[in-house]
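Visitor: what follows is a predicted protein model with its sequence.
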Amino acid sequence: MLSMNNVSKVFRTDLIETHALRNFSLDVKAGEFLAVTGPSGSGKTTFLNIAGLLEPYETGSYKLDDVEVTDLSDDARSALRNQKIGFIFQSFNLMPDLNIYDNVDVPLRYRRMKYAERHKRITNALEIVGLAARMKHVPAQLSGGQQQRVAIARAIAGDPKLILADEPTGNLDSLMARQVMDLLEKINEMGTTIILVTHDPELARRAHRNVQVVDGQISDFKPYEPHAAPGVAERGSAAAGA
Amino acid sequence: MFAYYMRLALASFRRNPGLTALMVFAIALGISVCMIMLTSFRAAARNPAGERSGILFAASIDSWDPKDGYESPQTDEETGRPVAPTMLTYRDARALFDSKIPDRKAIMFKAGGIFSRADKGMEPEYISTRMTTADFFGMFETPFLFGGPWNANADAGPDPVVVLSKETNQKAFGGANSVGKTVRWHDREFRVIGVLNDWEPYPKYFDVSNGSFSDMEGAYIPFSWGQVLELGSDGNTNCWKTETIDSFKAFLNSECIWFHGWFELRTADQQRAFREFLDNYVVEQKKHGRFPRPLNNYLYDVSGWLQRNKVVGDDNRALLMMAFAFLAVCLVNTVGLLLAKFLNAAPIAGIRRALGASRRDIFWQHLAESGVVALAGGVTGGLLGLAGVYSLRAWYGRFEDAVPRILPIDPANFLLAIAIAVAAGLLAGLYPAWRIGRAAPASYLKGQ
Amino acid sequence: MEMRPILSALLRNRAGAILVAIQIAITLAIVVNAVYLTQQRVTKIGRPSGIDDQNVFSFSVTGFEKGFDFHAMVRDDMALLRQMPGIIDAAPIRQVPLSGGGSSSGFFSLPDKKGKESPANYFPTDEHGAGTLGVTLSAGGTFDPAVVEHKDQDGQVPPPQAIVSQGFATALFPDQQALGKTFYDDQGSPMKIVGIIQHMHGSWVGWDKVDRVILFPRVGPGPGTRYIVRTAPGEIDRVMTATEMALRKRDPNRVIGKLRKMSDDKNASYAGDSLVAVTLSVVTSLVLIFSALGIFGLSTFNVNTRTRQIGTRRAVGARRRDIVRYFMTENWFITTLGVFVGCLLALGVGYWLATQYQLPRLDLYYLVAGVGGLWVVGQLAAWQPSMRAAKVSPAMATRTV
């Protein structure tokens, strides 16, 4: 699904060079639930941004779903982002002046879908996250956990192959956090690859595989371990030590 | 997609009503001033001759003072030569009228006198009268309410006929069909042969010598009556030569100019032939000691004539330019406000980018928002401008009757104002929309 | 004060600053030229006409019956008018000053078109003409009634006497006492100056020689003429109504044209100039307000986006007034740039206006005043935002939101 090879990212200002990622290599199989952990400043957010085609990189190659991303134009990258990737952010990032329905609608608009198709997908996604009844409400009327669930609905409405979640439970209490993680697992079971960036080891344990990033590089590499979640063992690419 | 952008724009306005109102107001002010100036400019710049503008020609021949050009130091823009007088002497008017080259021709001057009815059915009134020839009515497309014009035979007579304006007919006959009835003028009976309908061809191009927006004449009478009744001009009379003028005949034969001559020349050949005719005529007259200045003839079509007479005055142009300069200031203001607004909303644009919007999507979305602001500003400005025009008409109309013609209420100006607003607003929005499209989405999503 | 870092910080965030600078530049260009043009028009409109124009009205009177005695009509009308209550004086006159309609010709200080030459706007009237117009005679007096010609035909030879305005007298006889002197028309006919009007405007306010006026002692020929009537202050409306009624009653067999106040004629003549002055004034005020708002807005925006930076500065030791000075200095850069460019623009526009529209060149006094004024406005507009910036708490340095 995702294959990074020797990717380097450098931030330059007049005085300092920061190597956010150094020779970063990672392979993620389709259907995996990967947790990326590491201390703050380690580069995991940078990795996520690059994975999500939000930032360019200096050297290396990145293949997303078998498409080499390095030399793509902005239009092509936007299209790829739109069709293949779904984002979930720590601070939800919903549009405050649109209602829930319109919020979930946003990525579908950029796909130039027709109304009927969009409507079907939006209602479907909201049902999966359990908020179909609050379609006309605005984000301000929802709790933090509900807002994040809307963000999840927005992320899955376009049927992405990959979901990138950056500290999705960071701003939630433990009850809501658990709800969100349950949802993510459910989505993963339906076949979507999930990459979760977190510094919470409890959350990381719920993933199939953990990867640690320190100083811009992968440091620890826990091999693929069968997890006690139903349905995972049936995944075709689930070979030990992938 | 466009409808989607409209919805987003409206949602954004609701979120930030103060800033939006400020932008709309800024544009509205600039547009309102432009619209007022456009109103007066377009009224003055109007060419009422329409399609006939290219086939109607006024003759301007230089019979003036050898020591001093007419209206010097003014020169003709195209040729660089000094301009020639805009009126003709009696002799020249008659001579040009004799030419067989034009399809139609008219010579004219403005006279005056008291109109009354022999049966005392009308309050006697001094009414300005255009003395002209039969073709005038066809050439200048005067609309008739009753009856019609006289013919060339009537000019020859001259027959005692008169065409009344609608207003005069109202005063003399209560607006009824007065064809066949008579009025008294300069102690003669004149038979009404036609009554014109409403006719307001402003600027009054066939005779701008007393103001392009002065009143239309109240009656039209065959030209030759001017000589029979020994009438001088109620308009302008200019003389340069020291001559002994001790009789009306001497006056007619003098170098005083007080006539206009218009000629219909439909083909380029005719126009060329007539120009040659003018030149030949002047050369011939020089042999008799007239036309002491070098050969300097002009044949103006209607738009050239309007330009020659500076109907669109310097004031008009300067005010219009000032209005556009003011609009420029308003626009610079708007660019700043849009920039502030868009950059404030940059994080949201970043999210959209993360969700798949390309730079162009973001650009068009924000450009559309600028367009909506501009449209609102244009409509508001148009209404403000309309209010301004009404106010000016009320204020200046108290002592100047021509004001409603100089500041007409023309819906085209309103639409033009809106069009300018939208164009300007889109222009103003280009840079801010581009700026916000350019920002990398990641920079706004960081710092979570 | 650290000029260079402020400048380089500004250069990195150019867009807003450039916009304000452009706005200031255009504002200066517009305001300086607009004020200058307005001043010219206002001066032009404000010129005294020398005539008691607020208390004079005019109208035409024309006879039309056969056998109509024009001079008797005038004589009897004048007798009636001159004894009506509220009327100071009345006179017949061919055309009316300030109305836009009149006659002019060229005159010379010597016969045979020699000597000094000047055109003049001439008005045939009678011995009451000067008194009705209310002009001040600085030398000599009005016509002797015996001298006033009552013509039945338009003659070429002018009357041998004339009252002239000082403007005309100076043109023909500079540095001399013109009273008693003789001048000539282009046929060589002589006219002796029996009275000099201190100052009077003629028919055309837009004419650069509008103060060159001649009054001739001549009435007629008919069948019509105009009358001017001078009323006691405050009585003009009442008198106008009374006059029309009285004249119609005395003799209904003539056409009395619409009665028109000279003040209306004057306003109509100046209507174009008035419109220009009003428009320019409105635009000038609005443009100044916009610029002030623009600077205020940008400064506020700057402050709002840099609260963390301000807080950090305060945290490391800047005092309140250092913050104020920082923002005022930043604003100073922008304003100065804008004013500098604006000067060039103002001069350019001024030059273009002068050549295109034959206006006199821009007086530098206006430019200096404009620069100073706009600079002050620019600084004032940034004052409140700068004060607000100073109030930002040092704790902002540590906030992450």
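Guide: Looks like it arrived, so ask away.
Visitor: what's the closest non-adjacent residue to the residue in chain A that chain B sits nearest to?
Guide: Of all residues in chain A, residue A:82 sits closest to chain B, at 2.5 Å by C-beta to the nearest C-beta. Yep, even glycine has a C-beta here, placed from its N, CA and C like the rest. Nearest non-adjacent residue to residue A:82, counting by C-beta to C-beta, 6 or more residues apart in numbering or on different chains: residue B:356, 2.5 Å away.
Visitor: kindly report the same for residue B:141.
Guide: Closest to residue B:141 by C-beta to C-beta, 6+ apart is residue B:52, at 6.9 Å.
Visitor: please name the residues that touch that neighbour.
Guide: Remark: with contacts taken as C-beta atoms under 8 Å, 6 or more residues apart in numbering or on different chains, residue B:52 is in contact with B:139, B:141, B:264, B:302.
Visitor: now chain A, which segments are flagged as low pLDDT?
Guide: Along chain A, segments meeting pLDDT under 70 span A:14, A:220-242.
Visitor: looking at it, which residue is nearest chain C?
Guide: residue A:91 (9.6 Å).
Visitor: residue ranges of the strands in the stretch 151-300 of chain C, please?
Guide: Assigned by DSSP state E, counting those that start in this stretch, the strands in the stretch 151-300 of chain C fall at C:161-165, C:182-185, C:190-197, C:213-219, C:224-231, C:254-256, C:260-261.
Visitor: distance to residue B:390 added to the ones you listed, as a markdown table?
Guide: Converted to a markdown table, the strands of the stretch 151-300 of chain C look like this (distance: least, C-beta to C-beta, whole Å):
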| stretch | distance to residue B:390 |
| --- | --- |
| strand C:161-165 | 41 |
| strand C:182-185 | 49 |
| strand C:190-197 | 42 |
| strand C:213-219 | 38 |
| strand C:224-231 | 33 |
| strand C:254-256 | 33 |
| strand C:260-261 | 24 |
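Visitor: worst average pLDDT in those?
Guide: Across the strands of the stretch 151-300 of chain C, strand C:254-256 has the smallest mean pLDDT, namely a mean of 91.
Visitor: find the nearest non-adjacent residue to residue C:321, please.
Guide: residue C:390 (7.0 Å).
Visitor: pLDDT score assigned to the closest residue to residue B:55 other than its chain neighbours?
Guide: Excluding its sequence neighbours, the residue lying closest to residue B:55 (C-beta to C-beta, 6+ apart) is residue B:266, at 5.0 Å. pLDDT recorded at residue B:266 is 95.
Visitor: sec struct for residue B:266, please.
Guide: The assignment at residue B:266 comes out as coil when based on DSSP: H, G, I helix; E, B strand; the rest coil.
Visitor: rewinding a little: please report how far the residue nearest to residue A:82 lies from residue A:119.
Guide: From residue B:356 across to residue A:119, the span is 18 Å (C-beta to C-beta, to the nearest Å).
Visitor: circling back to that earlier point, show the pLDDT at the residue nearest to residue B:141.
Guide: If you check residue B:52, the pLDDT there is 92.
Visitor: let's verify it: helix, strand, or coil?
Guide: Here residue B:52 is recorded as helix under three-state DSSP.
Visitor: and the gap between residue B:284 and residue B:240?
Guide: Taking C-beta to C-beta as the criterion, residue B:284 is separated from residue B:240 by 21 Å.
Visitor: hmm, back to that, make JSON lines from the strands of the stretch 151-300 of chain C and add mean neighbour count and distance to chain B to it.
Guide: Formatted as JSON lines, these follow (neighbours: other C-beta atoms under 10 Å in any protein chain shown; distance: least, C-beta to the nearest C-beta, whole Å):
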{"stretch": "strand C:161-165", "mean neighbour count": "26", "distance to chain B": "19"}
{"stretch": "strand C:182-185", "mean neighbour count": "20", "distance to chain B": "9"}
{"stretch": "strand C:190-197", "mean neighbour count": "20", "distance to chain B": "15"}
{"stretch": "strand C:213-219", "mean neighbour count": "25", "distance to chain B": "17"}
{"stretch": "strand C:224-231", "mean neighbour count": "23", "distance to chain B": "7"}
{"stretch": "strand C:254-256", "mean neighbour count": "21", "distance to chain B": "5"}
{"stretch": "strand C:260-261", "mean neighbour count": "18", "distance to chain B": "8"}
